[in-house]
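Enquirer: Make a model of this:
(2 chains)
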Amino acid sequence: DAGITQSPRHKVTETGTPVTLRCHQTENHRYMYWYRQDPGHGLRLIHYSYGVKDTDKGEVSDGYSVSRSKTEDFLLTLESATSSQTSVYFCAITGTHYPYEQYFGPGTRLTVT
Amino acid sequence: QQPVQSPQAVILREGEDAVINCSSSKALYSVHWYRQKHGEAPVFLMILLKGGEQKGHDKISASFNEKKQQSSLYLTASQLSYSGTYFCGTVPTLWGGTSYGKLTFGQGTILTVHP
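Expert: Numbers count the residues shown, from 1 in each chain, chains lettered A, B, ... in the order given. A predicted model of the protein is given here:
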């Protein structure tokens, strides 16, 4: 257990509203990631962080922003949610020892109506 | 570019063997394998690093052919608990020899094991 929690676990929101998902880890890992998972697409990287206030874009970053003000928290924000952002969102961290496998949080199921 | 997994789905009886393949168009540094059960998070199985190393995890093993940018996952004498979706994730050599950073996942292979 890598000590990763996500909140909320389920959320239903309306198109156009802002939404923030939270990932919290207790292991002081440096690298954190946000993925979305959709049928037929597997897991796709949205954004990742390699330290406090250090973030970078993944392959599907449009419409998403992230922030990391503390090592333990990595926030994903949908500025104005759209129906195409209905998905399951997973947070992940990288282990602290070589070869740096990734461990995933339990996921957040987001529905945009 | 997303690695391609094959087959997309496989159905087995307990005790049978299966092979899942992962192929990339990019030169790779490492390949990760994960298993995900319905409604749960992906769970790490193993990493294969550049150098052709073959690893094992109980009756699950994998190989990595860096020249062909391909990896294969071998499930031997399958058990009911092996059912789930298997994903490979690749890290290109672009990342300077490190295996952390941008993992690109395949679309997944659904494995179903029947009694």
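Enquirer: If we go by neighbour counts, what in the longest strand along chain A is buried?
Expert: Among the segments of chain A that qualify as a strand by DSSP state E, the longest is strand A:42-51. Counting neighbours by 16 or more other C-beta atoms under 10 Å in any protein chain shown, one finds that the buried residues in strand A:42-51 are A:42, A:43, A:44, A:45, A:46, A:47, A:48, A:49. Where C-beta positions appear, they are placed from N, C-alpha and C, glycine not excepted.
Enquirer: Take those residues and lay them out in CSV including pLDDT and distance to residue A:84.
Expert: As requested, the buried residues of strand A:42-51 are arranged in CSV below (pLDDT from 0 to 100; distance: C-beta to C-beta, whole Å):
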residue, pLDDT, distance to residue A:84
A:42, 88, 17
A:43, 94, 17
A:44, 95, 13
A:45, 94, 17
A:46, 96, 13
A:47, 95, 17
A:48, 92, 21
A:49, 93, 24
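Enquirer: for chain A, which spans come out with low pLDDT?
Expert: Under the criterion of pLDDT under 70, the regions of chain A flagged as low confidence span A:1-2, A:96-99.
Enquirer: Span of stretch A:75-82 from start to end?
Expert: 18 Å (C-alpha to C-alpha, to the nearest Å).
Enquirer: how about that stretch, does it get close to chain B?
Expert: No: counting by C-beta under 8 Å from any C-beta of the partner chain, chain B has no neighbours in stretch A:75-82; the shortest distance is 15.8 Å.
Enquirer: ok now that stretch, how far from the chain's centre?
Expert: Here stretch A:75-82 shows a centroid-to-chain-centroid distance of 11 Å under the convention C-alpha atoms, centre = their mean, to the nearest Å.
Enquirer: where along the chain do the strands fall?
Expert: All of this refers to chain A. With DSSP E as the criterion, chain A has strands at A:4-7, A:10-13, A:19-25, A:32-38, A:42-51, A:54-57, A:64-70, A:73-78, A:87-94, A:102-104, A:108-112.
Enquirer: that answer is for a different chain, and I need it for chain B
Expert: Taking DSSP E as the criterion, chain B carries its strands at B:4-6, B:9-13, B:18-23, B:28-36, B:43-49, B:55-57, B:60-65, B:70-75, B:84-92, B:104-105, B:109-114.
Enquirer: give the contact list for residue A:46.
Expert: Under the criterion of C-beta atoms under 8 Å, 6 or more residues apart in numbering or on different chains, the contact list for residue A:46 reads A:34, A:35, A:36, A:58, A:60, A:61, A:64, A:66, A:76, A:89.
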